[in-house]
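Colleague: need a 3D model of the following:
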Amino acid sequence: MNNRSNQEKIIAAYEALAERYDALIEHKPHNAYYDRPNTLSLIPEPAGENILDAGCGPGKYAEILLARGAQVTGFDISPKMIALAKARNPGQGAFFVHDLAQPLDMFEDESFDVVLCALALHYVQDWNPVMQAFCRVLKPQGHLVISIEHPFFEYGFFE
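Modeller: Below is the predicted model of the structure:
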């Protein structure tokens, strides 16, 4: 399977499950009780920080970080996820559709204190350009916080 068909499968899957994913976001065990608390514990005090939420999904991390005083910019490959992120955070944050595997040319160098990429990077085949982009947009002494699925979790879907 080529990269393009993988990307199309990912978009189709998240477009189909976006509302259900969002409905379960508060209590889905892996997200709510395992990944989210541990990932958030790695982010320094967010008040006043400019945070990029790469692969933001329905905006749950953004909601928490905005409530703690951060400024959040989020993007996701799924238009439905972005609509849900905007609905979850009305009038707060900035959210737009963007593919994590594509350059972050819309951002200037050293523009974020934190880059958060929770449960999204494992969908990208080549991490090198993504990591280079994250490093470019991070301020000196900035923080890169990543969580990923276990590789076998996705094996059944992508084989």
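Colleague: CA atoms for contacts and neighbours, from now on please.
Modeller: OK.
Colleague: could you say what helices and strands the longest helix seen in the chain packs with?
Modeller: Counting residues, the longest helix found in the chain (DSSP state H) is helix 3-24. Counting contacts by 3 or more CA pairs under 8 Å, 6 or more residues apart in numbering; DSSP states H and E, helix 3-24 is packed against helix 79-88.
Colleague: rerun that using 10 Å as the cut-off
Modeller: If you count contacts as 3 or more CA pairs under 10 Å, 6 or more residues apart in numbering; DSSP states H and E, helix 3-24 packs onto helix 79-88, helix 151-158.
Colleague: in the first one, what counts as buried?
Modeller: I take that to be helix 79-88. In terms of neighbour count (16 or more other CA atoms under 10 Å), helix 79-88 has its buried residues at 79, 80, 81, 82, 83, 84, 85, 86, 88.
Colleague: quick check: closest non-adjacent residue to the most centrally placed residue in the chain.
Modeller: A centroid search over the chain (CA atoms, centre = their mean) returns residue 55, at 2.4 Å, as the residue closest to the centre. In this structure, residue 55 finds its nearest non-sequential neighbour in residue 76, 4.4 Å apart by CA to CA, 6 or more residues apart in numbering.
Colleague: any idea how many residues pack against the one you found?
Modeller: Residues contacting residue 76 under the criterion other CA atoms under 10 Å number 24.
Colleague: looking at it now. What's its pLDDT?
Modeller: On pLDDT, residue 76 comes in at 97.
Colleague: go on, residue 90?
Modeller: Residue 90 is given a pLDDT of 97.
Colleague: now do residue 4
Modeller: Looking at residue 4, its pLDDT is 61.
Colleague: output the below-cut-off pLDDT ranges for the protein.
Modeller: 1-4, 150-159 (pLDDT under 70).
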